[in-house]
Every structure is written in C-alpha cells, then in structure tokens.
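[1] turn this into a model:
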Amino acid sequence: MTQVADTRVKAGRSAGETVPPDNGVFTRLTSPYRLELLAYCYRMLGSVHDAEDLVQETYIRAWRSYEAFEGRSSLRTWLYRIATNVCLTALEHRKRRPLPSGLGGPTDDPEGPLAPPPEVTWLEPFPDHLVRGDPATIVAARASLRLALVAALQYLPPRQRAVLILRDVLALRATEVADLLGISVAAVKSILQRARARLGQVAPSEDDTTEVTGADQRELLDRYVAAFENADVAALLGLLTEDAVLEMPPTSSWFAGRESIVRFFGARVLTVPGAIRMVATSANGQPTAAMYQRGEDGVHHLHALMVLTASGGGITRISAFRDPQLFEYFGLSRALGPAPSSPQPGESAPL
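    Numbers count the residues shown, from 1 in each chain. As a prediction, this is how the structure comes out:
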C-alpha cells in the first residue's frame, strides 16, 4: 500500500485505482507540509487559533478526497488548493482582524482609565518556533510573518490576499496559482497587480520595516527586559523612538509617542524593582518578551506577551497581547514561582 501511495504522488494514479493510503502512509506523505500550511492560514486569517482549526479541516478534506488526487500537480500544491478553499470559505462572513492602532486615534491620557474591551476580533501573534526549515527558509518565512505585514494583508479582499501570498510569499508560479484557484493566468496577474497596489497603500514604508537582527536584536531585547525588571523608566525612555506606539489588545486604547508610553508604564507598571519578571521568546520574526506581574500571593503570573518592532533608532512599536489563550502556543508557564521578597507598597497594578 505504501508503494501504491508513493507511486501515485510521484507519477500520478493509474486509471481505475481507488485505494487510498492508510493513516500511516497519509501522515508520512502530508505531515511535512503541516507547519507551512499553518503559517499560510495564519497569514490569511491573522489568527493562530483559526489557522490551527483550518489546517485540521484541510487535512480532513485531503484524507477524504485523496482518491481524487491524480498527481497532475505536486502534493504540496494540492494541499494548498484545499487550504485556500478552506480559508476563503472561512473568510466569507468574517471581518478583518485589526490592531488597536488600526481602528482610531491614540488615547490622550496615559494615566487615565483604559477603554473597555470592544467586540472586536483582534489580530494575533504567531510563535516563531512553529516556523521550520533550513536557515534561509526560516529567515524568509519569519520576514513574511511580521505583524505589520500580516495586519496590512487583512485589508485585502480574501482572493487578493490568497493570490498575493501564493505568488509573492510562497513563490508559486502563476500557472500553479491559476490551476489552484480555477482561474486563468491572466486573472491571476490582474488580481496580483491590484493586491500589490492596495498593499502599497496600507503597508508600512520600507524605512518602518527595516528591523535590527541578530546580536543587535538580542541586545535590544535584553535591555528592554532589564528596564522592566528593574523598574527603570529612564532606561525604557532611552529604548523608544520619539514616535513609538504602544497597543494592548483586547483594549482599544493605544498610545503614540515615547513620552506617553513612559508615562503609562511609569504610573502603572514600572513602580517597584522586581514586581515584573520577563521571559524572552519570539513571535512573527520579532523580539518578544512574556511579562509576568507579581500578585498578592507573591507569585509572578503571566500577564502579557510583548512583541517589539524595532529599527536602528530603537523600539518603534510595542504590541502587548493579553489574551491568555495565546500563551499556550508559546509554551509559557502561567507562573514563575514565589518572588524573592514579599510585595511592597506601591506594587504595580494590573494593566
């Protein structure tokens, strides 16, 4: 049966053959594509939760229809065809997933109350450990997962979004995309042209997307972590660019300018050294820190996942996600254990 399945994938199925592979064979043939399909569905939906569900649906459909696979395209392209149809169906009745800064103006008073969570389905971060491949592939994949780019993709109509990702990110040929979507090559080129034009209007400029990498990125994250753990407001001020932005889903409140951001953190978070502990991680190809706040029980509880956007001039954006359901995807502990000392007067209050 394994030989039959391998032959069907590599050379196409002979007429009349209807025997599908067993579970083990199907898994062996298709599992190498699972994580890249997960990243694809994430780019389409802007949610790691939704992406996981849609990849599962893709594999269920692939198993059920495997007898119809004739090998005229690669198995990878066939799976992308199914995943694309699943994503387009899912997007029929869904609005785009924004970040707070994409909905309205910044909040004027950093020390005032935050807006209550609105009925908005927010964009989510994507864990870097779910990106696999050789080093060059990993670098390219993570660059195409940057939060700003994924947020910009949400402005495109679903079919434009799919064509642009398939052509410009995954580098499928126009003929492959045409066959995948059941349209002409001319239609693919037309859709891609419109998608690129629209993305150029909503995506950040090249200057805004040039990020620090490697050792510089690690040093910046280390300094950011130290500023929070030491409650060092001056150090945080020195890390931010003048026009930096702070946003904190699920609240719609967000702040523009380093002075506003420092006032916010200084009044609510950076009050006592040791009240905050940080754990370095990474999301969307960007430096990321999990923030733990000390509670009345003396234990540091996981509170936010801070994804940093940075340029040569410093940190340009802090996207602090506070959805507990996201934390499991990053393999983070919910608590770090008792603090070295008991809480002190002036302890930081939850955001």
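
[2] beta partners of the spatially closest residue to residue 295 that is not a sequence neighbour?
    Excluding its sequence neighbours, the residue lying closest to residue 295 (C-beta to C-beta, 6 or more residues apart in numbering) is residue 301, at 5.4 Å. Backbone N, C-alpha and C define where each C-beta goes, glycine included. Judged by DSSP bridges, the bridge partners of residue 301 are residue 293, residue 335.

[3] buried stuff in the helix or strand that contains residue 238?
    For residue 238, the element it lies in under DSSP states H and E is helix 233-239. Neighbour counts over helix 233-239 (16 or more other C-beta atoms under 10 Å) mark 233, 236, 237, 239 as buried.

[4] run through the residues that contact the first one.
    Applying C-beta atoms under 8 Å, 6 or more residues apart in numbering, one finds that residue 233 lies in contact with 227, 262, 265, 266, 270.

[5] low-confidence ranges in the protein?
    Applying pLDDT under 70 to the chain flags residues 1-22, 134, 205-213, 338-351.

[6] about what we covered before: now the buried residues of helix 233-239 as JSON lines including distance to residue 36?
    Shown next, in JSON lines, are the buried residues of helix 233-239 (distance: C-beta to C-beta, whole Å):
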{"residue": "233", "distance to residue 36": "42"}
{"residue": "236", "distance to residue 36": "37"}
{"residue": "237", "distance to residue 36": "40"}
{"residue": "239", "distance to residue 36": "34"}
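
[7] about what we covered before: strands - which of the contacts of residue 233 land there?
    Judged by DSSP state E, the subset of the contacts of residue 233 located in strands is empty.

[8] mind putting the residues you listed in CSV, neighbour count and distance to residue 29 included?
    Formatted as CSV, the contacts of residue 233 follow (neighbours: other C-beta atoms under 10 Å; distance: C-beta to C-beta, whole Å):
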residue, neighbour count, distance to residue 29
227, 22, 49
262, 22, 54
265, 24, 50
266, 17, 55
270, 23, 52
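
[9] quick check: the farthest pair among these?
    Based on C-beta to C-beta, the longest span within these runs between 227 and 266 and measures 11.0 Å.

[10] okay, and which of the contacts of residue 233 map to helices?
    227, 262, 265, 266 (DSSP state H).

[11] nearest residue to the third one other than its sequence neighbours?
    The shortest distance from residue 265 to any residue that is not its chain neighbour, by C-beta to C-beta, 6+ apart, is 6.4 Å, and that residue is residue 236.

[12] ranges for the helices of the stretch 1-150 of the chain?
    All helices of the stretch 1-150 of the chain, identified by DSSP state H, counting those that start in this stretch, fall at 2-11, 23-30, 34-45, 48-64, 75-90, 135-143, 147-153.

[13] good, we can wrap up now.
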